[in-house]
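Visitor: whatever this is, show me its structure:
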Amino acid sequence: MPRLSVPADQDPMMYVWGRLAPALAGPAAAFSGAVYASSLLSLREFEAARISIASVNDCNVCLNWRSARDVPGKADRPDEVPEAFYDAVLGGDMNALTARERLCARFATLFAIDHLAIDEEMWTELHREFSDDELVDLALCVGAWIAFGRLNRVFDIDGACRIGVPLPG
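Guide: Residues are numbered from 1 along each chain as shown. Model (predicted):
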């Protein structure tokens with residue numbers, strides 16, 4: 001049950017993001033959309049980080065979200081990220097992932113739960129695999145997922161999660 005007053009005939013997520021605090025919610029929704037539309041990361045890198053944050057945020061809808069399936073135009077090859085990939089990341093079995101995918105998942109998790117544990121050794125690994133542009137891109141994506149995913153979860157509106165779906169006009 002939402003922690004805010006939402007009319008019974010309204011979808012809680014759409015109501016909160018479309019009607020409440022519009023001066024901030026509108027730009028926040030635009031930023032979230034930009035994360036999905038414009039990230040420099042490959043789909044698998046993107047999803048390794050995203051599903052890691054979905055787990056930390058404990059968002060059931062986000063855990064079931066698949067960007068290749070649920071975001072129009074996100075993937076040219078929807079089968080690029082099989083279910084086994086998500087199972088591996090969520091189960092902590094990173095053996096089948098590339099070095100970059102593993103780093104995306106690890107960075108996202110540490111960013112969310114213990115950002116001070118991102119030590120010099122990890123920064124060396126990150127810089128070996130990613131450009132500065134890609135690192136900022138990754139951090140902005142992770143920051144968006146943490147902020148907006150937790151907002152949805154804290155207000156208990158994540159049951160109708162529609163990440164990346166445009167807000168009603």
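
Visitor: so what's the model's average confidence on the longest helix seen in the chain?
Guide: Identified as the longest helix of the chain according to DSSP state H is helix 132-154. The pLDDT scores in helix 132-154 average 95.

Visitor: cool, and stretch 37-47?
Guide: Per-residue scores along stretch 37-47 average to 95.

Visitor: about what we covered before: so which elements touch the longest helix of the chain?
Guide: Contact here means 3 or more CB pairs under 8 Å, 6 or more residues apart in numbering; DSSP states H and E; on that basis helix 132-154 packs against helix 22-38, helix 43-57, helix 99-113. The way it works is simple: take the backbone N, C-alpha and C, and place the C-beta from them, glycine included.

Visitor: as a markdown table, those helices with mean neighbour count would be great.
Guide: What follows is the helices and strands packed on helix 132-154, written out as a markdown table (neighbours: other CB atoms under 10 Å):
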| stretch | mean neighbour count |
| --- | --- |
| helix 22-38 | 14 |
| helix 43-57 | 24 |
| helix 99-113 | 21 |
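
Visitor: quick one: the longest helix of the chain to chain centroid distance?
Guide: 6 Å (CA atoms, centre = their mean, to the nearest Å).

Visitor: how about stretch 88-99?
Guide: 17 Å.

Visitor: which of the residues in that stretch are classified as buried?
Guide: 88-89, 94, 97 (16 or more other CB atoms under 10 Å).

Visitor: so what touches that stretch?
Guide: 44, 47-48, 51-52, 55, 63, 84-85, 101-102, 105, 125, 129 (CB atoms under 8 Å, 6 or more residues apart in numbering).

Visitor: output that stretch as PDB, restricted to C-alpha atoms.
Guide: Output of stretch 88-99 as PDB, limited to C-alpha atoms (Å, rounded to 0.1, in the frame of the first residue of the first chain):
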ATOM      1  CA  ALA A  88      24.400 -15.500 -12.200                       C
ATOM      2  CA  VAL A  89      24.700 -11.800 -11.100                       C
ATOM      3  CA  LEU A  90      22.000 -12.200  -8.400                       C
ATOM      4  CA  GLY A  91      23.600 -15.400  -7.200                       C
ATOM      5  CA  GLY A  92      27.100 -13.900  -7.100                       C
ATOM      6  CA  ASP A  93      28.500 -16.300  -9.700                       C
ATOM      7  CA  MET A  94      30.400 -13.900 -11.900                       C
ATOM      8  CA  ASN A  95      32.500 -16.500 -13.700                       C
ATOM      9  CA  ALA A  96      30.500 -16.300 -17.000                       C
ATOM     10  CA  LEU A  97      30.700 -12.500 -17.100                       C
ATOM     11  CA  THR A  98      33.400 -10.400 -18.700                       C
ATOM     12  CA  ALA A  99      35.800  -8.400 -16.600                       C
END
